[in-house]
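coords below, sequence missing:
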């Protein structure tokens, strides 16, 4: 028996490959199917089943394409309704894979169909549990993604409490917990950076498994949840009803465009030029009105959070050799309408005599000098929790997550200094604001981390509350 966690850092997502005898299964695959098919071929095994823990909201799973290419049926837990053929398992149902078994544990709470999969080894002993978004390392899944007219997030949180105690806490302490996500995912609040653990240790350290009342659990789980990114509901629907082929999306997105072809395309399409280079490269020179979301950060989640139309036409400006990577990562969150990339990058654009734009970027030391000697307007675009933990005294908190709501509140004649934690999100913000006519912007390189190192005075939520 082989259990392999296939972890993708940019999505903080764990897929699983389990092999026994001449058969294998995949749990919660990513959109691209090639790695799973190649792995099975290397091991000389047949992919027998594709298990889905629930209808994922934060990425488009590869179950539909993988099933078409391998013939392996898709398995969901009780209550799932799909737009394609799938096995809807019963609670407690067993599936044979080589010499091991997979037992379905229905665990509603994150969503109604959410289920965990218990791996029983060759001797019938409980070896591992694949918990999806039901149980994370240090946390549990958010309960606000499947609310309906007659079901609240408090109702779902209560279901989660019952599911954990009925299906999970009774398992042996040595069982290994393999969740669908780790730190960085928006599917929970306080996930650990660890990507697996023993259930026994989680019983000791995870608040959700402690001896607390349902009322206490519901309050903890529903307090401090940020609104889900707008693409979550769209990805969940794609996973539920089906989607187009990843191969079609890749073929379309890998088209190399000359500067002239890009301009012609822009004249005929309502497209976004998405610049995925490093923040400093974008600041130095970029195509006017292009949007920056760097491929070396949480690229796909920020695309999903900020580009509201999942069918939006996109052309990429990417580091050489990383164009296909960018197309794949867009497709992972359902953005399949990439029309190509600028061949030769920004250098080809400038060599063709095309106009460029810049973002002024200054060091933390330069910023602090201006902050202490001038009456300047500062935008802190970090998330609420980051801001409350520590921030400058004279700053306007405008989280990037909600930029589509607050952009119109800015004065286009006013100059704004922008900072985030490290410089990634502030450059995203600057690019969006510039595309919407707010041009008097100064980015603080290194963000709040660099600002704090200068020794400047800061405040926090505790200090404010005490005043």
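Yep, it's here. Remember, predicted model here, so these are calculated numbers, not experimental data. Residues are numbered from 1 along each chain as shown.

how about residue 410, what does it touch?
Neighbouring residues of residue 410 by CB atoms under 8 Å, 6 or more residues apart in numbering: 416, 433, 438. C-beta coordinates here come from the backbone N, C-alpha and C atoms, glycine included.

where's it relative to residue 382, distance?
Distance, residue 410 to residue 382, by CB to CB, to the nearest Å: 17 Å.

contacting residues for the residue nearest to residue 332 when sequence neighbours are not counted?
Distances taken as CB to CB, 6 or more residues apart in numbering place residue 31 nearest to residue 332, at 4.7 Å, with adjacent residues excluded. By CB under 8 Å, 6+ apart, residue 31 lies in contact with 59-62, 65, 246, 328, 331-332.

in those residues, which residue is surrounded by the most others?
With neighbours taken as other CB atoms under 10 Å, the top of those is residue 59, carrying 31 neighbours.

and that one, what's its pLDDT?
For residue 59, the pLDDT comes out at 95.

need phi/psi at it.
Dihedral pair for residue 59: phi -160, psi 160, per degrees, to the nearest 10.

so it makes contact with residue 13?
Yes - shown here, residue 59 and residue 13 form a contact pair, counting by CB atoms under 8 Å, at 6.2 Å.

what is in contact with those two at once?
Common neighbours of residue 59 and residue 13, using CB under 8 Å, 6+ apart, are residue 30.

coming back round to it: out of the contacts of residue 31, who's nearest residue 301?
Nearest to residue 301 among the contacts of residue 31 is residue 59, at 8.8 Å by CB to CB.

what's the distance between the closest one and residue 78?
23 Å.

same check on residue 170?
Applying CB to CB, the value for residue 170 to residue 78 is 19 Å.

ok, these two, which is more surrounded?
Between residue 170 and residue 78, counted using other CB under 10 Å, the more crowded position is residue 78 (17 against 9).

for the more buried one, what are its contacts?
Counting by CB under 8 Å, 6+ apart, residue 78 makes contact with 88-91, 104, 106, 113, 115.

change it to 6 Å
Applying CB atoms under 6 Å, 6 or more residues apart in numbering, we find residue 78 in contact with 91, 106.

per-residue pLDDT, it?
Here, the pLDDT recorded for residue 78 equals 97.

likewise residue 464?
Looking at residue 464, its pLDDT reads 51.

which of the contacts of residue 31 sits closest to residue 399?
Nearest to residue 399 among the contacts of residue 31, with distances taken as CB to CB, is residue 59, at 22.3 Å.

from memory the closest one sits against residue 10, does it?
No - between residue 59 and residue 10 there is no contact under CB atoms under 6 Å: 10.1 Å.

which one of the contacts of residue 31 is nearest to residue 185?
Ranked by distance to residue 185 (CB to CB), the contacts of residue 31 are led by residue 59 at 9.6 Å.

distance-wise, check that closest one relative to residue 382.
Remark: distance between residue 59 and residue 382 (CB to CB) = 24 Å.

neighbours around the residue nearest to residue 156 when sequence neighbours are not counted, how many?
Nearest-residue entry for residue 156: residue 143, 3.8 Å, with adjacent residues in sequence omitted and distances by CB to CB, 6+ apart. Neighbourhood size, residue 143 [other CB under 10 Å]: 25.

again with residue 8
Residue 8 has 14 neighbours, counted by other CB under 10 Å.

host element of the closest residue in space to residue 279 that isn't next to it in sequence?
Closest residue in space to residue 279, ignoring its immediate chain neighbours: residue 427 at 3.9 Å, by CB to CB, 6+ apart. Per DSSP states H and E, residue 427 falls inside helix 424-435.

please apply the same query to residue 82.
Short version: residue 82 belongs to no helix or strand, going by DSSP H and E.

picking that back up, ramachandran angles for the residue nearest to residue 332?
According to degrees, to the nearest 10, residue 31 has phi -60, psi -40.

what's the pLDDT at the residue located most distally from the centre of the chain?
Residue farthest from the centre of the chain, counting by CA atoms, centre = their mean, is residue 373 at 40.0 Å. Looking at residue 373, its pLDDT is 95.

that one and residue 99, how far apart?
For residue 373 relative to residue 99 (CB to CB), the value is 73 Å.

likewise for residue 13?
28 Å.

for the helix or strand hosting residue 116, packing partners?
Element membership for residue 116, per DSSP H and E: strand 115-120. When contacts are defined as 3 or more CB pairs under 6 Å, 6 or more residues apart in numbering; DSSP states H and E, strand 115-120 sits against strand 100-106, strand 126-132.

what sits up against the helix or strand following the last one?
Later in the chain than strand 126-132, the nearest helix or strand by DSSP H and E is helix 153-163. Residues outside helix 153-163 that contact it (CB under 6 Å, 6+ apart): 107-109, 140, 143-144, 147, 214, 217-218, 221-222.

show me what the helix or strand that comes right after helix 153-163 is packed up against.
Remark: after helix 153-163, the chain's next helix or strand is strand 176-179, criterion DSSP H and E. On a contact count with 3+ CB pairs under 6 Å, 6+ apart, strand 176-179 meets strand 126-132.

right, and residue 288 touches residue 357 too?
Yes - using CB under 6 Å, residue 288 is in contact with residue 357, at 4.5 Å.

these two: which has the busier surroundings?
Set residue 288 next to residue 357 and count neighbours by other CB under 10 Å: residue 357 wins out with 16 against 12.

now stretch 93-105, how far from the chain's geometric center?
Its chain's average C-alpha position is 30 Å from that of stretch 93-105, according to CA atoms, centre = their mean, to the nearest Å.

where does this protein have low pLDDT?
For the chain, the stretches with pLDDT under 70 are 461-467.

where along the stretch 151-300 of the chain do the helices fall?
Assigned by DSSP state H, counting those that start in this stretch, the helices in the stretch 151-300 of the chain fall at 153-163, 199-205, 214-222, 231-241, 246-253, 259-268, 279-284, 299-306.
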